[in-house]
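Participant: Sequence and computational prediction follow.
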Amino acid sequence: MSAARTILLAACLTAALPVAAEPAFRAGFARTEITPPVPEPWQDLDDDGVFDPEVDSFDDRNANGRFDAVYMAGFHNGRAAAGIHDPLESVAAVFDDGQTRVGIVTADVVGLSHGFADALRASVRGELGLDYLLVHATHNHEGPDTQGLWGPARFTSGVDPGYMTFLSDRMAAALRRAVNALAPARIEIAEIDGSDGRFATVDTRPPEVIDAGLRAAIVRGQDGSVLGTLLNFGNHVELLWDRNLELTADVAGYARRGLDQGLVYEGDKFRDGLGGTTLWLTGNIGGLITTTPEVPVVDIRAGEVFRAPSFEKARAQGYALAGAVLDAVEAEAFHKVVAPRLRIHARDIEVPIDNAPLVLASFLGVLDRGLSFSWGFRTASEVALLEIGELWIACVPGELYPEIAIGGIERAPGGDFDVPPVETPALRSRMRGRVNMMVNLANDSLGYIIPRSQWDAEAPWIYGSEEETYGEIVSAGPDTARIVHGALLDAFDAAGGAP
């Protein structure tokens with residue numbers, strides 16, 4: 001065979017061989033409504049935010065002689081919904097790089113147990129081909145009780161089992177729609193500087209530490225249109241506070257609608273949105289990080305200041321967050337991630353439950369919390385790190401005190417344990433994504449995750465407080481932070497260097 005024929009044959013054979021292409025990154029977003037019905041509105045005649053059959057009146061629509069309540073989560077027992085202001089939603093996103101498929105699904109509820117998350121995963125895993133599913137509650141205090149703590153009285157669950165089945169089905173439906181919507185995509189990420197002053201958040205317990213700013217990821221289709229946005233911000237979803245009796249997605253809903261549809265005031269559009277479907281991910285909110293009634297929120301349209309809890313105040317904060325993202329887009333501040341690969345680093349953990357009321361509530365069926373016993377009561381949970389190229393998403397199974405994330409843990413005077421800070425180094429110092437999101441209430445709801453050196457369940461109270469500190473009463477115990485912190489560091493180390 002001549003040299004020329006040999007070269008030609010080799011060229012033909014080479015051309016016939018399959019070429020390994022870069023895996024095509026695809027994404028899909030979808031939403032479903034999860035608002036429970038409010039069958040019997042009522043009138044809070046004594047204006048205390050609590051339904052009292054001896055005082056308050058209700059519309060017995062089904063004529064069964066009793067008040068059929070939808071109990072709202074957060075603040076106090078007996079807060080029954082009297083109406084619906086805006087829809088509660090489940091929002092889902094699915095990402096696929098050709099080898100790995102990851103889903104994220106959120107719900108406008110206060111919290112979801114690890115058992116709920118695992119059951120939802122089992123119901124969709126085979127059908128949807130998900131390698132990992134992040135199940136997230138926005139920690140909405142203006143939605144239905146999904147944990148059992150806010151029923152008509154203490155140790156009387158406020159959970160409607162029928163609603164929980166409905167919720168699981170609707171979250172699964174959102175995921176199915178997101179899978180069906182999978183399309184070639186690219187992702188852009190940004191960390192947007194901010195502080196309590198800009199977005200009106202405060203730390204209500206010393207030491208005052210806020211994991212400031214917001215983090216966003218915009219997912220675009222091949223034509224550049226926005227398929228969806230991930231918005232990660234640390235604040236309690238509770239701007240309507242404790243006297244609101246209407247179901248609402250609160251600030252999370254306003255931020256989502258602002259980014260999707262634009263900043264709209266009473267039908268008039270002030271600013272265009274991005275389009276697509278926005279998914280809200282609650283950041284580090286332990287401490288607790290919130291916007292109290294006395295903290296002013298400034299509306300970005302006209303500079304109007306809102307102090308008292310109201311829908312206008314929730315809209316003002318939601319639109320401020322949406323506006324910050326829109327500003328960053330206009331400033332071309334988003335970084336384009338090239339051919340993102342998906343990686344999953346999940347760690348199962350076991351957490352001691354040292355909180356006697358939570359143990360009792362679990363045994364009574366008020367809480368959906370599986371317990372085992374080995375040198376004390378324990379519960380199974382998990383942490384995880386999701387890598388979407390240069391975007392890192394840390395999954396935290398409760399409400400993390402921000403000082404564990406960014407530093408500032410103190411040896412609090414009056415604390416129950418006179419020890420130096422245990423949960424070091426700060427978690428963010430070990431995260432190596434270009435943009436690092438931290439998601440609280442991810443795959444579980446363990447309550448507050450409090451540094452051991454700041455734990456205070458017995459008098460004298462820390463920092464000379466005359467009253468019992470809030471946090472420990474809804475925390476699993478003083479070892480939770482150490483366990484979660486260590487498992488997250490292990491996941492970060494497993495991820496290796498930045499992509």
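Facilitator: Structure received. Numbering: from 1, shown residues only.

Participant: Tell me where the stretch 301-450 of the chain has helices.
Facilitator: 311-330, 356-363, 402-406 (DSSP state H, counting those that start in this stretch).

Participant: average pLDDT for the second one?
Facilitator: So the one you mean is helix 356-363. Helix 356-363 shows a mean pLDDT of 85.

Participant: what's downstream of the helix or strand bottoming out on mean pLDDT in the chain, the next helix or strand?
Facilitator: Every helix and strand of the chain was ranked by mean pLDDT, DSSP states H and E. The lowest is helix 3-16, at a mean of 37. Under the assignment DSSP states H and E, the closest C-terminal helix or strand after helix 3-16 is strand 26-33.

Participant: What strands line up against that next one, and which way round?
Facilitator: Within its sheet, strand 26-33 is paired with strand 89-96 (antiparallel), strand 183-192 (antiparallel), according to DSSP bridges.

Participant: Show me what counts as buried in that strand.
Facilitator: Neighbour counts over strand 26-33 (16 or more other Cβ atoms under 10 Å) mark Arg26, Ala27, Gly28, Phe29, Ala30, Arg31, Thr32 as buried. In short, each C-beta sits where N, CA and C put it, glycine included.

Participant: Closest one of those to Asp203?
Facilitator: Nearest to Asp203 among the buried residues of strand 26-33 is Arg31, at 31.6 Å by Cβ to Cβ.

Participant: In contact with that closest one, which residues?
Facilitator: Residues near Arg31 by Cβ atoms under 8 Å, 6 or more residues apart in numbering: Glu89, Ser90, Val91, Ala92, Ala174, Arg177, Thr277.

Participant: among the strands paired with strand 26-33, which is nearest Arg347?
Facilitator: That would be, of these and by Cβ to Cβ, strand 89-96, which comes in at 20.6 Å.

Participant: what is the rounded mean pLDDT of that closest one?
Facilitator: 98.

Participant: Repeat that for stretch 459-474.
Facilitator: Mean predicted lDDT for stretch 459-474 stands at 92.

Participant: Tell me the buried residues in that stretch?
Facilitator: Trp461, Ile462, Tyr463, Thr469, Gly471, Glu472, Val474.

Participant: Max pairwise distance over the residues you listed: which two?
Facilitator: Greatest spacing in those, by Cβ to Cβ: Tyr463 and Val474 (19.8 Å).

Participant: Trp375 versus Glu458, what's the distance?
Facilitator: 22 Å (Cβ to Cβ, to the nearest Å).

Participant: Show me the buried residues of stretch 459-474 that map onto helices.
Facilitator: The helices, defined by DSSP state H, take in nothing from the buried residues of stretch 459-474.

Participant: which stretches of the stretch 351-499 of the chain have low pLDDT?
Facilitator: Low-confidence segments of the stretch 351-499 of the chain, defined by pLDDT under 70, span residues 497-499.

Participant: List the contacts of His139.
Facilitator: Val110, Gly111, His236, Val237, Thr282, Ile285, Glu399, Asn440, Leu441.

Participant: So it versus Leu364, what's the distance?
Facilitator: Taking Cβ to Cβ as the measure, His139 falls 24 Å from Leu364.

Participant: same deal with Val202?
Facilitator: Taking Cβ to Cβ, one finds Val202 at 35 Å from Leu364.

Participant: Compare neighbour counts for the two and give me the winner.
Facilitator: Using other Cβ atoms under 10 Å as the criterion, Val202 and Leu364 rank with Val202 on top: 17 against 12.

Participant: For the more buried one, list each beta-bridge partner.
Facilitator: Applying DSSP bridges, one finds that Val202 bridges with Thr290.

Participant: So for Glu458 and Trp375, which residue has more residues nearby?
Facilitator: A side-by-side neighbour count of Glu458 and Trp375, using other Cβ under 10 Å, places Glu458 first with 11 against 6.

Participant: From Ala356, how far out is the more buried one?
Facilitator: 13 Å.

Participant: Take the contacts of His139 and keep only those in strands.
Facilitator: Thr282, Glu399 (DSSP state E).

Participant: Going through the contacts of His139, which ones are buried?
Facilitator: In the contacts of His139, the ones that pass as buried (16+ other Cβ under 10 Å) are Val110, Gly111, His236, Val237, Thr282, Ile285, Glu399, Asn440, Leu441.

Participant: Do I have it right that Gly414 meets Pro460?
Facilitator: Yes. Between Gly414 and Pro460 there is a contact under Cβ atoms under 8 Å: 4.6 Å.

Participant: Nearest to Arg186 among the buried residues of strand 26-33?
Facilitator: Closest to Arg186, out of all of the buried residues of strand 26-33 and judged by Cβ to Cβ, is Ala27, at 8.8 Å.

Participant: residues contacting the closest one?
Facilitator: Ala93, Val94, Phe95, Asp96, Leu182, Ala183, Ala185, Ile187, Val219, Leu227, Gly228.

Participant: His335 too?
Facilitator: Contacts of His335 by Cβ under 8 Å, 6+ apart are Glu188, Ile189, Ala190, Glu390, Arg434, Val435.

Participant: Please repeat the previous calculation with a cut-off of 6 Å.
Facilitator: His335 makes contacts with Ile189, as judged by Cβ atoms under 6 Å, 6 or more residues apart in numbering.

Participant: ok, back up a step: which one of the buried ones among the contacts of His139 is nearest Glu312?
Facilitator: Once Cβ to Cβ is applied, the member of the buried ones among the contacts of His139 that ends up nearest Glu312 is Val237, at 16.2 Å.

Participant: thinking again about what came up before, would you format the strands paired with strand 26-33 as CSV with distance to Thr291 included?
Facilitator: Below are the strands paired with strand 26-33 laid out as CSV (distance: least, Cβ to Cβ, whole Å):
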stretch, distance to Thr291
strand 89-96, 21
strand 183-192, 18
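
Participant: so where do the strands sit in the stretch 201-350 of the chain?
Facilitator: 202-203, 214-221, 226-233, 246-247, 263-265, 268-271, 277-282, 289-290, 297-298, 305-306, 335-337, 342-352 (DSSP state E, counting those that start in this stretch).

Participant: hang on, Asp108 packs against Asp86?
Facilitator: No. With contacts counted by Cβ atoms under 6 Å, Asp108 stays clear of Asp86, the gap being 9.7 Å.

Participant: Overlap in contacts, those two.
Facilitator: Ala249.

Participant: quick one, which of those two is more surrounded?
Facilitator: Higher neighbour count among Asp108 and Asp86: Asp108, with 29 against 18, using other Cβ under 10 Å.

Participant: list the contacts for Gly433?
Facilitator: So Gly433 contacts Glu390, Leu391, Trp392 (Cβ under 6 Å, 6+ apart).

Participant: Output the below-cut-off pLDDT ranges for the stretch 151-300 of the chain.
Facilitator: By pLDDT under 70, the low-scoring segments of the stretch 151-300 of the chain are 195-197.
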